[in-house]
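A.B. asks: Everything below, folded, please.
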Amino acid sequence: MRTTIASASACFIVALFGAGAARAANPPFVGTWSLDPNYCSTGQDDQNAPLVIAKDRYDQHESHCTFKSVEGKDSDWKITSDCTVEGSAMPYDFTLTVSGDTLTFTDSGGGRDFLRCK
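C.D. replies: I've put the predicted structure just below:
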């Protein structure tokens, strides 16, 4: 019985550390971001929906992008992507810069600062 409990505890600890390592591997831009924190819980069917970024894609309302390349480290990331915006496919290049809880999203139209949703 003690062996079974010890084995289960060891597996649980290994699983916890493994999950932590996987999270640590995510770049700092991964998360949910909004121009206005009041919209952090807004659903994606609303035009004020937050920007939800994974390590290989982002979604915001009717914009859905899959990253083709992600170059950078620390706080600056240059991203080349293929997007579908309101049903139309298009290439899209942009830069993400993270400073604390602020994400600056820069494209050909300039930069916009998003705040991390908590």
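
A.B. asks: quick one, helices of this protein?
C.D. replies: All helices of the chain, identified by DSSP state H, fall at 2-24.

A.B. asks: got any ranges where it has weak pLDDT?
C.D. replies: Residues of the chain that meet the criterion pLDDT under 70 lie in 1-24.

A.B. asks: I figured Asp36 hits Asn48, correct?
C.D. replies: Yes - taking contacts as C-beta atoms under 8 Å, Asp36 lies within contact range of Asn48: 7.4 Å. The C-beta positions use only the backbone N, C-alpha and C, and glycine is treated the same way.

A.B. asks: Ile79 against Phe94, yeah?
C.D. replies: Yes - at 5.6 Å, Ile79 counts as touching Phe94 under the criterion of C-beta under 8 Å.

A.B. asks: So for those two, which residue has more residues nearby?
C.D. replies: Neighbours of Ile79 and Phe94, each counted by other C-beta atoms under 10 Å, are more numerous for Ile79; the result is 22 against 18.

A.B. asks: give me the beta-bridge partners of the more buried one?
C.D. replies: Taking DSSP bridges, one obtains Val70, Phe94 as the residues bridged to Ile79.

A.B. asks: Equivalent analysis for the one 10 residues further on, please.
C.D. replies: Ala89 has the following beta-bridge partners by DSSP bridges: Thr84.

A.B. asks: what's the spacing between it and Ser81?
C.D. replies: Using C-beta to C-beta, to the nearest Å, one obtains 11 Å as the distance from Ala89 to Ser81.

A.B. asks: For the two, indicate the residue with more neighbours.
C.D. replies: Summary of the neighbour comparison: Ala89 and Ser81, criterion other C-beta under 10 Å, with Ser81 having more neighbours (19 against 8).
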